[in-house]
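Enquirer: Fold the following for me, if possible:
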Amino acid sequence: FRARDYRSDPDLDITEELNSHLALKVDELMASGVPEEEAWREARRRFGDFEGISAAAASEARSRERRRRVRDQFDTLTQDVRYALRRMTRMPGFTAAAVLSLAIGIGANTAVFSVVNTLLLRPLPFADSEELVRIYTSYPGLSPWGSSAYPDYLEMKDLDEVFAEVGVFYDILAPVTIGETPRMAMVEAVSSNFLPMLGVEPVLGRQFLPEEDAEPGRNPVAILGHGLWHRSFGGDPDVLGRTLRIGGQPFTVVGVTPEWFGSGALNSLASDLFVPVTMASQIEGSRTSRSYTQRTLRTYNIEGRLQPGRTIEEARIRLQLLSARLQEAYPESNQDRSYRVVPAEDVVASPEIDQGLPLVAAFLMAVVGLVLLLACTNLATFLLAQGLHRGKEIAVRLALGARRNRLVRQLLTETVLLGLLGGGAGLLVASWSLNLLLGLLPNLPASITLDLELGLDWRVLLFTLSVSAGAGILFGLAPALRSTRPDITPTL
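Expert: Just a heads-up that it's a prediction; the model follows:
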C-alpha cells in the first residue's frame, strides 16, 4: 500500500462532534418522555450559542492543524538535512569538489553583484534622499546634460516654491601643501548651504557661513575630508585653526566631514577638501571673479532639495518657465538653453554615462552567470551518473510506499545543502576578490581617492543566498526527477 498523509477537515470534525453531543442530549430528553421536536429545542437552549461555539472551536482546530503541519514539515526537513549530511561525509571527495566548483561560480557572481550594488543599487546615504535632484543645462546639438553657469544657480535659488534648497559644487584638482610636502588633491568648491542640504554635519568644527561664499576671494576657509584628516593630520582633534595651502593660497581649517561622507559629486569619489565656491577663482589662477557673473561660462554643477510634498514634475515646470524667461532676457547666452532635472538617486556619474552602466552590469552578470551554469551542468551530470548507483535504494523506497515527490524533496535537500555550502565558501571567494580589487586602487593617481564600499551588505547576502539555493535546485532537479522514476521490478 502506498502511504498517504491523513489530513482531517477541522470544520467537519467539529460539526460532527457538536451534532453528536446534541443528539445524545436529545435521546436523553426523549427517554424521559419529552417529544422529539421539543427535545431538540431544549437541547439547543441548554447548549447555548451553537453557531458561535462551533465557529470558535473550528478556528482553534484549524490553528492546531496548521501548527501540526508546520511541525511535521520542520521535522521532515530536519531528517532530510541529517541524511544529506551523512551522505556528504561518506563521499568527502565529491563533496569537496562540488563545494569548490560552486564556490568559484557563486563567488564570482557575488563579487560582481557587490560592485553593481555599490554603483547602481545602494541608495544615497543622505536623509530623505528621494527629495534630492540634479539640475543640468541642455545644449542644442551638443549635450542634453551639461554644466550650468553660476548666475543660473542664483536664479534657481529664488524658486523656493518648489525647492527647499539649491546648492552648487565644482570639482578642482589642485596642489595642496600641508607642512612642507605638496600633493595633488581633489577639492570640492561648494556653496555654503550645500553640505547642510545633504544633511552632512561636521564631526569637528562648523559648516561654512552664508557670508563666506557671498564675495569672491574674501574667505579662505576649508573643511577637511575625513580621509585627508586621518592621512595628513593623524586624526588630530586640534586641527581646527591650522593653515594649509591650496593652489598656493593659505586656507584655515574650520571643520572636518564625517567618515560616511565622501563627496557630493560622485558616490564613489572621496573629496579631500571642501572650500567656499567663491574661492575657486583663487585656487585656479587662470580664473577670475568674472566667472561668477558670466552666463556663458558653464562649469558648475547644481543640486537641489525639493520642498516636502513637491514633485519632480513641478520642478520641471518651474525650470521650463525660468528657462523661457532667461532666453528672453539674455538671448546671447541663453538662446535655446533649457534645464533638465533628474532624481539624484538615479545619477552615478552623469546621465549620459549612466545610460550604458546597466548594459555593462548585465553583461558582467551574464558572464559570471555562465561560469556558475557550467559548474551546475558538470555537477548535474555527475549526479545523474550517481543516480544509477542509487537506483536500488530508491526502488526499494518506492516499493515500500514512499511517494515520488517525497523522494524528490529529499534529493533536492541534498543538492540545495551543497549549494548553500558552496555559497558560504563563495562569500569567502568574493571577499578575497573584492579585497584584491581594493588593493589595486592605490595604483590610481594619488590625487584620486575612491570611496568604494564593496562590502557584503544585506542585498549581497540575500543575492548570494538566492543564487546558492537556486544553484542547488538547478543542478539537482533533473537528476532527482530521473532517479525517482526507475523500473522497480527489474531494478529489484
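
Enquirer: and T89, what does it touch?
Expert: With contact taken as C-beta atoms under 8 Å, 6 or more residues apart in numbering, T89 is in contact with T95. Heads up, the C-betas are built off the backbone N, CA and C, glycines and all.

Enquirer: The chain should start at 231 in everything you say after this.
Expert: Renumbered: residue one is now 231, and that last one reads T319.

Enquirer: mind checking the SS state of it?
Expert: helix (DSSP: H, G, I helix; E, B strand; the rest coil).

Enquirer: Same question for D566.
Expert: Judged by three-state DSSP, the three-state class of D566 is coil.

Enquirer: what's around the closest residue to it other than its chain neighbours, how many residues?
Expert: Excluding the flanking residues, the one nearest D566 by C-beta to C-beta, 6 or more residues apart in numbering is P370, at 4.6 Å. Residues near P370, counting by other C-beta atoms under 10 Å, number 10.

Enquirer: next one: R271
Expert: 13.

Enquirer: and it, backbone torsions?
Expert: Dihedral angles of R271 (phi, psi; degrees, to the nearest 10) stand at phi -60, psi -40.

Enquirer: separation between it and V256?
Expert: Distance, R271 to V256, using C-beta to C-beta, to the nearest Å: 10 Å.

Enquirer: same check, this time on Q550
Expert: Taken as C-beta to C-beta, the span from Q550 to V256 is 83 Å.

Enquirer: Quick check: phi and psi at the residue nearest to D566.
Expert: According to degrees, to the nearest 10, P370 has phi -60, psi 130.

Enquirer: for the longest strand anywhere in the chain, packing partners?
Expert: Longest strand in the chain, counting residues (DSSP state E): strand 393-408. Judged by 3 or more C-beta pairs under 8 Å, 6 or more residues apart in numbering; DSSP states H and E, strand 393-408 is in contact with helix 380-387, strand 411-420, helix 424-428, strand 473-476, helix 510-513, strand 528-536.

Enquirer: As JSON lines, those with mean neighbour count, distance to S462 and mean pLDDT would be great.
Expert: Putting the helices and strands packed on strand 393-408 into JSON lines (neighbours: other C-beta atoms under 10 Å; distance: least, C-beta to C-beta, whole Å; pLDDT from 0 to 100) gives the following:
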{"stretch": "helix 380-387", "mean neighbour count": "20", "distance to S462": "30", "mean pLDDT": "94"}
{"stretch": "strand 411-420", "mean neighbour count": "20", "distance to S462": "9", "mean pLDDT": "89"}
{"stretch": "helix 424-428", "mean neighbour count": "21", "distance to S462": "20", "mean pLDDT": "95"}
{"stretch": "strand 473-476", "mean neighbour count": "18", "distance to S462": "8", "mean pLDDT": "93"}
{"stretch": "helix 510-513", "mean neighbour count": "22", "distance to S462": "18", "mean pLDDT": "86"}
{"stretch": "strand 528-536", "mean neighbour count": "21", "distance to S462": "26", "mean pLDDT": "93"}
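
Enquirer: pLDDT weak spots in the stretch 231-380 of the chain?
Expert: Filtered on pLDDT under 70, the stretch 231-380 of the chain yields the residue ranges 231-241.

Enquirer: Which residue ranges of it form helices?
Expert: Ranges of helices in the stretch 231-380 of the chain, per DSSP state H, counting those that start in this stretch, are 240-261, 266-277, 280-320, 322-346, 380-387.

Enquirer: Format the ones you listed as JSON lines; extra columns: distance to N608.
Expert: Supplementary listing: the helices of the stretch 231-380 of the chain in JSON lines, determined by distance: least, C-beta to C-beta, whole Å:
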{"stretch": "helix 240-261", "distance to N608": "48"}
{"stretch": "helix 266-277", "distance to N608": "68"}
{"stretch": "helix 280-320", "distance to N608": "18"}
{"stretch": "helix 322-346", "distance to N608": "7"}
{"stretch": "helix 380-387", "distance to N608": "59"}
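
Enquirer: Which one of those lies nearest to T611?
Expert: Closest approach to T611 among those is made by helix 322-346 (11.8 Å; C-beta to C-beta).

Enquirer: what angle separates that closest one from helix 280-320?
Expert: In terms of direction (axes from the mean of the first three to the mean of the last three C-alpha atoms, to 10 degrees), helix 322-346 departs from helix 280-320 by 110 degrees.

Enquirer: what helices or strands is helix 322-346 leaning on?
Expert: Looks like helix 322-346 contacts helix 587-619, helix 634-670, helix 688-713 (3+ C-beta pairs under 8 Å, 6+ apart).

Enquirer: okay if I get the ones you listed as TSV plus mean pLDDT, mean neighbour count and distance to G278?
Expert: Output for the helices and strands packed on helix 322-346, formatted as TSV (pLDDT from 0 to 100; neighbours: other C-beta atoms under 10 Å; distance: least, C-beta to C-beta, whole Å):
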stretch	mean pLDDT	mean neighbour count	distance to G278
helix 587-619	85	15	61
helix 634-670	86	19	44
helix 688-713	86	19	51
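
Enquirer: possible to save those as TSV with distance to G435?
Expert: Below are those laid out as TSV (distance: least, C-beta to C-beta, whole Å):
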stretch	distance to G435
helix 587-619	36
helix 634-670	30
helix 688-713	34
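
Enquirer: quick one, phi/psi of D390?
Expert: Torsion angles, degrees, to the nearest 10, at D390: phi -80, psi 0.

Enquirer: give me every residue that touches it.
Expert: Contacts of D390 (C-beta under 8 Å, 6+ apart): Q537.

Enquirer: which one of the helices of the stretch 231-380 of the chain lies closest to R475?
Expert: helix 380-387 (24.8 Å).

Enquirer: Would you mind pulling the contact partners of that closest one?
Expert: So helix 380-387 is contacted by 365, 367, 393, 396, 398, 421, 507, 521-525, 527-528, 530, 532, 534, 549, 552, 556, 569 (C-beta under 8 Å, 6+ apart).

Enquirer: what do you get if the cut-off is 7 Å, keeping everything else the same?
Expert: 365, 367, 393, 396, 398, 521-523, 525, 530, 532, 534, 552, 556 (C-beta atoms under 7 Å, 6 or more residues apart in numbering).

Enquirer: before we move on, the earlier item: state whether the residue nearest to D566 and N564 are indeed in contact, as I suppose.
Expert: No. Contact between P370 and N564 fails when scored by C-beta atoms under 7 Å: they sit 11.6 Å apart.

Enquirer: List the contacts of Q565.
Expert: Contacts of Q565 by C-beta under 7 Å, 6+ apart are Q557.

Enquirer: quick one: the host helix or strand of G457 to chain centroid distance?
Expert: Secondary structure from DSSP states H and E places G457 in helix 456-463. Mean C-alpha position of helix 456-463 versus that of the full chain (C-alpha atoms, centre = their mean, to the nearest Å) differs by 29 Å.

Enquirer: what's the answer for stretch 310-317, then?
Expert: 34 Å.

Enquirer: Would you mind pulling the contact partners of it?
Expert: Under C-beta under 7 Å, 6+ apart, the answer for stretch 310-317 is R639, Q640, T643, E644, L647.
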